[in-house]
Structure formats: C-alpha cells, structure tokens
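>>> predicted structure and sequence below. I'll ask about it afterward.
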Amino acid sequence: MAHSPYTVGDVMTRAVVAIGQEARFKEIVEAMERWRVSALPVLAGEGRVVGVVSEADLLPKEEFRAAQPSRLEQVQRLDDVRKAGGLTAGDLMSAPALTVHAGDTLAQAARTMAFKSVKRLPVVDGQGLLQGIVSRADLLKVFLRPDEDLAAEIRTEIIGRLCPAAPDQLSVSVTDGVVTLGGPLRDASLLPVTARLVQAVEGVVDVRFDVTGPVPAGRERRAGSG
C-alpha cells in the first residue's frame, strides 16, 4: 500500500457482484445469499450504477405480508409501502445510488457511510461506471499495517521533515499501532503539530510522547487524539 493518505482505491474490493434493473425479487435474494452480501449495486447500460438494492429495501414485502399498512403508515412510510409491492431491482432499489470515487480518501468514505447509515458504497469512475465496492471492513484494513511500516513512514515523512537538521532527535517506536515518540526535544512547540501529523497517518491508533524537555500543558507524556 502507498503512504498516507490512503484512498478508496487502495482498499476497495474490485470483484463486485451486481445486478441489472430487471433482476427479479427472488433472484436478488438468491444472489445475496450466494455471495453473502447485504446489498447489490444495480447497473444500467454498459455498467453505470443507477441504484442499490439492500436487505432493507426487500424487508417491507415481508413486513406488510400479513396486514395492509394503515393510512398513517402509508403516509409516513410511502417509500416502504411502494417497495412492498416491488418485483424487480428497478422497483426496489434506492436511487440515485450513494457512490464514491477511487481517489476519495478513506475519511471521505467513512463520513458518507456514517452520515447516510450505509455499510458499503459502490466505487465509480467519472462516467458513473462501476469500478468496485468499499465496505466498513475495507476502511479498517489500514489498521492492519505492520508497526514497522508505520514507524518508517513517521520517521521519513514527519520527523525527517519537521527536524531536518536533527532527524534522529526523536526516536519512533510503534506497538499495536500506538506510536511513542521519545528522546530529547529542544523545541517543545513542535509537539502539538507533531501529534496531529502522526495521528493523521493511516493505521495509527494513538500517539504518545516520552520526551526529555518541556512539554506543553495538557500533553504530559501523551498526545492522544484530541
């Protein structure tokens, strides 16, 4: 993987199960079961993403099976009532689809998932053609980076640039993603900016200091994420 910042293209799954707008209800359920996914991109034409069908889009058919929705439910849950009568992916899909691009950062993808309460997002190119899919689990892959890789990036990209005259002034050790910066530090004013830069490295869990020299108030021996 490349150095920070990581992009969606670094972690996305490129082999994607998708369906057409004419896919039938049972066919959709069978595809979800076979491939163990909870949502499927819906494609039109040469592979343009026009929507997504999720388990939530299918459940109204079961929910309203035994009883007709009340008049209040028909008003408050108009979309769900409509989907209860859906037969094809085109009837059932949520559209337009929420998508991301391969060049988007993981933070952008994570914010979209959080704000829209979705578990995965289709990845499209500039023409809206399907390129892959990114899930919550994919976004967490950066925390699998080896500690040695994190330490090497921090030494080269952060410490080496902040302290070019004395790059060995601070030692860098990483254990289970937790970074500890130690050693003598002549300029304590660099600690806050160093903490922010190190915390921004993809895969870093926390940042701590074990330095000799003055430490700004509130950051005694630990940078944290705040």
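All right, it came through fine.

>>> list the buried residues in whichever strand or helix holds V172.
For V172, the element it lies in under DSSP states H and E is strand 171-175. Neighbour-count burial for strand 171-175 flags 172, 174 (criterion: 16 or more other Cβ atoms under 10 Å). For the C-beta atoms, the positions are set from N, CA and C on the backbone; glycine is no exception.

>>> next SSE after that strand?
Per DSSP H and E, the helix or strand that comes after strand 171-175 is strand 178-184.

>>> please enumerate the helices of the chain.
Taking DSSP state H to define them, one finds helices in the chain at 8-11, 25-35, 55-63, 71-76, 78-84, 89-92, 106-116, 136-139, 147-153, 160-162, 190-199.

>>> related to what we said a few turns ago, neighbouring contacts of the strand holding V172?
147-148, 150-151, 154-155, 159, 179-183 (Cβ atoms under 8 Å, 6 or more residues apart in numbering).

>>> list the residues that contact the nearest residue to L129 once chain neighbours are set aside.
Residue nearest to L129 in three dimensions, not counting chain neighbours: G47, with 4.7 Å by Cβ to Cβ, 6 or more residues apart in numbering. Shown in contact with G47 (Cβ under 8 Å, 6+ apart): 18, 129-130.

>>> which of those residues are buried? Put it as a ChimeraX command.
Buried members of these, defined by 16+ other Cβ under 10 Å, are picked up in ChimeraX with:
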select :18,130
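
>>> can I get the contacts of G47 in TSV with distance to E30 and pLDDT?
Shown next, in TSV, are the contacts of G47 (distance: Cβ to Cβ, whole Å; pLDDT from 0 to 100):
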residue	distance to E30	pLDDT
A18	14	97
L129	25	97
L130	20	97
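
>>> from the contacts of G47, pick the one nearest L58.
Among the contacts of G47, A18 lies closest to L58 (Cβ to Cβ), at 16.2 Å.

>>> now do the contacts for the closest one.
Under the criterion of Cβ under 8 Å, 6+ apart, the contact list for A18 reads 40-43, 47, 130.

>>> for it, give its distance to W35.
10 Å (Cβ to Cβ, to the nearest Å).

>>> among the contacts of A18, which one lies nearest to S94?
V42 (9.1 Å).

>>> each with direction, which strands does the strand holding V172 pair with?
Strand pairing for strand 171-175, determined by DSSP bridges: strand 178-184 (antiparallel).

>>> which parts of the strand it pairs with are buried?
For strand 178-184, using 16+ other Cβ under 10 Å, the buried residues are 179-181.

>>> now swap in stretch 64-74 and tell me
Per 16+ other Cβ under 10 Å, stretch 64-74 contains these buried residues: 64, 69.

>>> stretch 12-24 too?
Of the residues in stretch 12-24, 12, 16, 18-19, 21, 23 count as buried by neighbour count, 16+ other Cβ under 10 Å.
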